[in-house]
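J.: have a look at this prediction, sequence included:
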Amino acid sequence: MSKPFYITTTLPYVNADPHIGFAVEILQADVLARFSRLEGRDVFFNTGTDEHGQKIWDKAQENSEDIQDYVNRYTEEVRKLKDSLSLSTDAFVRTTDEAHQKAAQELWKKCDAKGDIEKKKYKGLYCVGCEKYLTEKDLEDGKCVFHPTQEPQVIEEENYFFKLSNYQKQLEEYLSNENVIIPEHRRQEAIEFVKSGLEDFSISREKERLSWGVHVPGDDTQVMYVWFDALTNYISTLGWPEDKEGNFKKFWEDGETFQVAGKDQVRFQSIMWQAMLMSADIPTTDKVFYHGFINSEGGQRMSKSLGNAISPFELVEKYGTEATRFLLLKHVHPVEDTDITWERLDEWYTADLVNGLGNLVARTLTLSEKYVHEQMQKQNSSGGMYDGMGKTFRFDVVLEHIWSLIQGLDRFITEEEPFKVVKEDEARGAELIREALEGLYSVANLLKPFMPDTSEKIEKAILENKKPENLFPRLEK
RNA sequence: CGCGGAGUAGAGGAGCGGUACCUCGAGAGGCUCAUAACCUCUAGACGCCGGUUCGAGUCCGGCCUCCGCAACCA
């Protein structure tokens, strides 16, 4: 019997509406979750929202909105994705949940008890204009890009640091396992990063400067730095540390753990988070899968300000839930960046769904309704078509295979001409139609994790021998 | 010389030493069961410059362009 399967996305930061990139991430996770359930495994599928930190605080201030109202509002937007995209998530964790905050504090205590947390002075360049520390990206000629006339101040504050350097060796060992990161070149990246030497990182902020965060246990003057808090969600969602329902033991300790994240997350998910787990004597993550980014025409970053953003909700509105799932899984490269435009989406929708699947269902069922008189048997197999899925995670390739079956069925009907045969030899014609129908049934089965509703509709149509409504209506010109 | 990737027909992907493949789009035929759908055929490509080799998208060196990361933004 296969182990229980735990899968989680990263938690989107609630300083903007849900991004199409996150939609891709959660769809990839959803397919794997559904796929694993079909294999008979126990699955726990987690997502949620990351709600603390400077940026969110700033955003709420900007809108002069109560911070709690602000995060509630955006969290609702993320929640809506569940229905919009037909997600089969089992949990939705918010980093502002009380249980989560307690877990973050507990994890802190564990790391502290291990001797991996210490208070040190943090020295950084601070921009008075921005009222925040500057990162390398914010700097140009040693000045803040937004306030080039002001000289950045070197200021110091006392913060807690996590002794990442204590885990150099263990991390190298962890990363030496080739199963731990997909794709392989991201693993190389992680290995190189660790090899180049690890610095301890600050995991708290002075409350005076930023109060929107989880309180540091035993120190009223500090709050946790966002992602120490945020990363904890992967286990707090399972009920760690009390584990009253046993989910932590079942899924994290005894199960197989899988995280999905963006390609910019390697350092956080595969290094820092893993070191935190090591520190707390909790098993590390079995596998982290890093997807690419969605860009606009010419690899341009999608953003509201550029006016080229495409939101997941807009996609669903135009193409419907099932088609949106299909488009983002078939035409987005799982690990490389993908450019998306409305023109391309329209083209893919029409070619694959309207002319492809939708039309095949229509022509096949029209024939069978008329000439096939026996009941079709229920079918369950999905064959070896998924071989690539659990290994390479090439959702696009798996769908490509399914679409070649669709093409094959179209060809079969054209070449065998059951619609003609039936006029001379009805039995023989019906036989051919049945054959096509069986092929279509296999397609429906294979489609299950990708397009659950469509799969069901096709199955129902076949079993009832009744042509369904248009599955994918043609786009209006 | 900071680290790790990527550059293949109009578009998106495979191929990683031996006649360059698939999908969409375009053009030409065919069919009529079907959502003016479907089938067949055709045209069209390996970022640039060197090198290794009988033979290179495929290996090596250099260059150009793009993307993550470069540690307190997430």
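T.: Ah, there it is.
J.: can you list the weak-confidence ranges in the stretch 51-200 of chain A?
T.: Applying pLDDT under 70 to the stretch 51-200 of chain A picks out residues A:129-132, A:135-142, A:145-146, A:148.
J.: could you pull out the strands in it for me?
T.: A:91-94, A:117-127, A:132-133, A:139-140, A:143-144, A:153-162, A:181-182 (DSSP state E, counting those that start in this stretch).
J.: nearest to A:Met224, of those strands?
T.: Comparing these by their distance to A:Met224 (Cβ to Cβ), the top pick is strand A:153-162, with 8.4 Å. (Each C-beta comes from the backbone N, C-alpha and C, glycine too.)
J.: how about the contacts made by A:Lys287?
T.: Counting by Cβ atoms under 8 Å, 6 or more residues apart in numbering, A:Lys287 makes contact with A:Asn179, A:Val180, A:Ile181, A:Ile182, A:Glu256, A:Thr257, A:Phe258, A:Gln259.
J.: repeat the analysis, applying 6 Å as the threshold.
T.: A:Asn179, A:Phe258 (Cβ atoms under 6 Å, 6 or more residues apart in numbering).
J.: in which helix or strand would I find A:Arg411?
T.: Using DSSP states H and E, A:Arg411 falls within helix A:395-416.
J.: with only the CA atoms kept, save that helix in CSV.
T.: Below are the C-alpha coordinates for helix A:395-416, written out as CSV (Å, rounded to 0.1, in the frame of the first residue of the first chain):
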residue,chain,number,x,y,z
PHE,A,395,1.8,17.7,-17.1
ASP,A,396,2.0,19.2,-20.6
VAL,A,397,3.5,16.0,-22.0
VAL,A,398,0.8,13.8,-20.4
LEU,A,399,-1.9,15.9,-21.9
GLU,A,400,-0.1,15.9,-25.2
HIS,A,401,-0.4,12.1,-25.1
ILE,A,402,-4.0,12.2,-24.3
TRP,A,403,-4.6,14.6,-27.2
SER,A,404,-2.8,12.3,-29.6
LEU,A,405,-5.4,9.7,-28.6
ILE,A,406,-8.1,12.2,-29.5
GLN,A,407,-6.5,12.8,-32.8
GLY,A,408,-6.3,9.0,-33.3
LEU,A,409,-10.0,8.6,-32.7
ASP,A,410,-10.8,11.4,-35.2
ARG,A,411,-8.7,9.7,-37.7
PHE,A,412,-10.3,6.3,-37.0
ILE,A,413,-13.7,7.7,-37.7
THR,A,414,-12.6,9.4,-40.9
GLU,A,415,-10.9,6.3,-42.2
GLU,A,416,-13.3,3.6,-41.1
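J.: wait, which of the strands of the stretch 51-200 of chain A is closest to RNA strand B?
T.: strand A:132-133 (3.2 Å; Cβ to the nearest atom of the strand).
J.: and the residue of the stretch 201-350 of chain A nearest RNA strand B?
T.: A:Ser202 (2.4 Å).
J.: ok so, going back, how far out from the middle of the chain is the helix holding A:Arg411?
T.: 28 Å (Cα atoms, centre = their mean, to the nearest Å).
J.: report whether whichever helix or strand comes after that helix contacts RNA strand B.
T.: Next along the chain after helix A:395-416, taking DSSP H and E as the criterion, comes helix A:418-424. Yes: judged by Cβ under 7 Å from any atom of the strand, helix A:418-424 and RNA strand B are in contact via A:Phe419, A:Lys420.
J.: could you give the mean pLDDT of helix A:418-424?
T.: Regarding helix A:418-424, the rounded mean pLDDT is 95.
J.: tell me which helix or strand comes right after that helix.
T.: Per DSSP H and E, the first helix or strand lying C-terminal to helix A:418-424 is helix A:426-447.
J.: before we move on, the earlier item: in CSV: the strands of the stretch 51-200 of chain A, plus mean neighbour count and distance to RNA strand B.
T.: Output for those, formatted as CSV (neighbours: other Cβ atoms under 10 Å; distance: least, Cβ to the nearest atom of the strand, whole Å):
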stretch, mean neighbour count, distance to RNA strand B
strand A:91-94, 20, 13
strand A:117-127, 15, 6
strand A:132-133, 18, 3
strand A:139-140, 12, 9
strand A:143-144, 19, 11
strand A:153-162, 16, 7
strand A:181-182, 22, 11
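J.: A:Gly246: which of the ones you listed is closest?
T.: Per Cβ to Cβ, nearest to A:Gly246 of these: strand A:91-94, 14.5 Å.
J.: contacting residues around the closest one?
T.: Outside strand A:91-94, the residues that reach it (Cβ under 6 Å, 6+ apart) are A:Asn46, A:Gly48, A:Thr49, A:His100, A:Asn233, A:Thr237.
J.: how far is that strand from where the chain is centred?
T.: Distance, centroid of strand A:91-94 to centroid of chain: 14 Å (Cα atoms, centre = their mean).
J.: ok, it: who's next to it in the sheet?
T.: strand A:43-49 (parallel) (DSSP bridges).
J.: can you give me the buried ones in stretch A:3-22?
T.: Using 16 or more other Cβ atoms under 10 Å as the test for burial, stretch A:3-22 gives A:4-15, A:17-22.
J.: list the contacts of the residue lying closest to A:Arg434 once chain neighbours are set aside.
T.: On the basis of Cβ to Cβ, 6 or more residues apart in numbering, the spatially nearest residue to A:Arg434 that is not a chain neighbour turns out to be A:Val372, at 5.7 Å. Listed by Cβ under 6 Å, 6+ apart, the contact set of A:Val372 reads A:Ala430, A:Ile433, A:Arg434.
J.: could I get those as a markdown table with neighbour count, distance to A:Glu208 and pLDDT?
T.: Formatted as a markdown table, the contacts of A:Val372 follow (neighbours: other Cβ atoms under 10 Å; distance: Cβ to Cβ, whole Å; pLDDT from 0 to 100):
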| residue | neighbour count | distance to A:Glu208 | pLDDT |
| --- | --- | --- | --- |
| A:Ala430 | 21 | 80 | 96 |
| A:Ile433 | 25 | 76 | 97 |
| A:Arg434 | 17 | 75 | 96 |
